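Sequence and computational prediction follow.
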Amino acid sequence: MNPRLHSLHPYPFEKLRALLAEAGTPPEGLTPINLSIGEPKHAAPARVGEALCGALQGLSVYPATKGDAALRQAIAQWLAQRYSIPAPDADREVLPVLGSREALFAFTQTVVDPNADALVVCPNPFYQIYEGAALLAGATPYYVNADPARDFGCDWGSVPEDVWKRTQLVFVCSPGNPAGNVMSLDEWRVLFELSDRHGFVIASDECYSEIYFDEGNPPLGGLQAARRLGRDDYANLVAFSSLSKRSNVPGMRSGFVAGDAKLIGQFLLYRTYHGSAMSPVIAAASVAAWTDETHVADNRRQYRAKFEAVVPILQRVLDVRMPQASFYLWVPTPASDTSFARDLYGRTGVTVLPGSFLGREAHGINPGAGRIRIALVAPLAQCVEAAERIAHFVKTSV
């Protein structure tokens, strides 16, 4: 067996199941409400289902690893429209993938040289695929703790020079998971300068980019930041996106990578052997999704309604703040995050995720400790009911 498998940590939801088992059964008459996992629950767009059904003939052919040309072109045009940049070269700078999770993992295997004492830098807390991908590629993760003074962004200047010298890959997540923070142009400038100096690759995870609250101020993207700073070739930058959150189709497993043509070319070579080509059926449905913004705006409207209803309820008892984007609340707890989540479930049937399960002990602290992540993915009425239960729990327990 691959000995690196033993270095993997249990997934957060495996830890959560064990924790909730300690809580016992919630009181009878309370319908359980799960706000722990970031799985979209809004209805999938009808046009996507129609395109899927209309493309079933694609089941009879092997898909191309490079992906359908029409899909690559649709993605390039979407990037141009969304980020006000020239359309990337659909042949050289865009590649469809089977969701951002699969691509983040595979891209790490492409980039990392395990014989070079490699480090992979990632934010802390983080999406656990970053860490697992680094470990299985033979690299060592280096964690940059979220800084509350920076709206839970990373202080890249705090990373020692000797760490940067060994760094091969940096993961960024903007809008962030779990805090919903968005990287500024100045943060991008610093990171690009470090990349130029040390030669590392930047993997920009942007799967929450289309869930935001101000229609006139969408989050800045990595490719957009590069263009604004004159980096028209996207040197050492690859952005990752997905339809899962944007279009409520997590079961389709459809996304893309875009950026540095040299990196995309090497990633395509890896994928030729990896066997992860997208079905023509999914490709046709993906074109339907990327070429329509009406359902995306409606998706944001639904999330906005939930935040507007839930945040005032929770603010009665907790220090809750609106995120810049995403569908998460990153909430400090009056007790330890694990005991809070356990007891909340046992008394109310509401499931949230302890923040410490998303982080690692680094530089003397686990920056996720003392917080919970609440995913506002359930229907509006359930989110409101969960918020009322949480507020009552805090009032009567603390």
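Sure thing, it's come through.

how near is the residue nearest to residue 174 when sequence neighbours are not counted to residue 290?
Distance criterion C-beta to C-beta, 6 or more residues apart in numbering; nearest residue to residue 174, sequence neighbours excluded, is residue 183 at 4.1 Å. Every residue, glycine included, has its C-beta placed from N, CA and C. Distance, residue 183 to residue 290, by C-beta to C-beta, to the nearest Å: 23 Å.

now residue 271
Taken as C-beta to C-beta, the span from residue 271 to residue 290 is 20 Å.

With residue 69 instead?
Residue 69 is 14 Å from residue 290, by C-beta to C-beta.

swap in residue 43?
18 Å.

Look at these two and report which has more neighbours.
residue 290 (25 against 12; other C-beta atoms under 10 Å).

Surely the more buried one touches residue 76?
No: using C-beta atoms under 8 Å, residue 290 is not in contact with residue 76; the gap is 9.7 Å.

For whatever helix or strand residue 196 lives in, which outside residues touch it?
Per DSSP states H and E, residue 196 falls inside helix 185-198. Contacts of helix 185-198 with the rest of the structure, by C-beta atoms under 8 Å, 6 or more residues apart in numbering, involve 153-154, 156-157, 164-165, 167, 170, 172, 200-202, 220, 222, 225-226, 228-229, 231, 235-237.

what ranges do the helices span in the stretch 151-300 of the chain?
161-166, 185-198, 222-228, 243-247, 261-274, 280-290, 294-315 (DSSP state H, counting those that start in this stretch).

Only the buried residues of the second one, if you could.
It refers to helix 185-198. Across helix 185-198, burial judged by 16 or more other C-beta atoms under 10 Å covers 187, 188, 191, 192, 194, 195, 198.

quick one: low-confidence parts of this structure?
398 (pLDDT under 70).

need the strands for it, in chain order.
33-34, 94-97, 119-124, 140-145, 167-173, 201-205, 237-242, 255-259, 328-332, 350-351, 353-354, 371-375 (DSSP state E).

Buried ones from the contacts of helix 185-198, can you make that a PyMOL selection?
In PyMOL, the members of the contacts of helix 185-198 classed as buried (16+ other C-beta under 10 Å) are selected with the following command:
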select buried, resi 153+154+156+164+167+170+172+200+201+202+220+222+225+226+231+235+236+237
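
Please tell me I have it right and residue 183 contacts residue 156.
No: between residue 183 and residue 156 there is no contact under C-beta under 8 Å: 10.3 Å.

show me the contacts for the nearest residue to residue 4 once chain neighbours are set aside.
Using C-beta to C-beta, 6+ apart and skipping the chain neighbours, the partner closest in space to residue 4 is residue 136 (5.2 Å). Residue 136 is in contact with 2, 4, 5, 8, 105, 108, 109, counting by C-beta under 8 Å, 6+ apart.

Pipe those into TSV and attach distance to residue 208 and neighbour count per row.
Shown next, in TSV, are the contacts of residue 136 (distance: C-beta to C-beta, whole Å; neighbours: other C-beta atoms under 10 Å):
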residue	distance to residue 208	neighbour count
2	31	7
4	29	14
5	29	10
8	25	12
105	18	17
108	20	24
109	24	16
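
can you list contacts of stretch 259-272?
Applying C-beta under 8 Å, 6+ apart, the set of residues contacting stretch 259-272 is 65-66, 88-89, 92-95, 106-107, 109-111, 201, 204, 222-223, 233-239, 257-258, 277.
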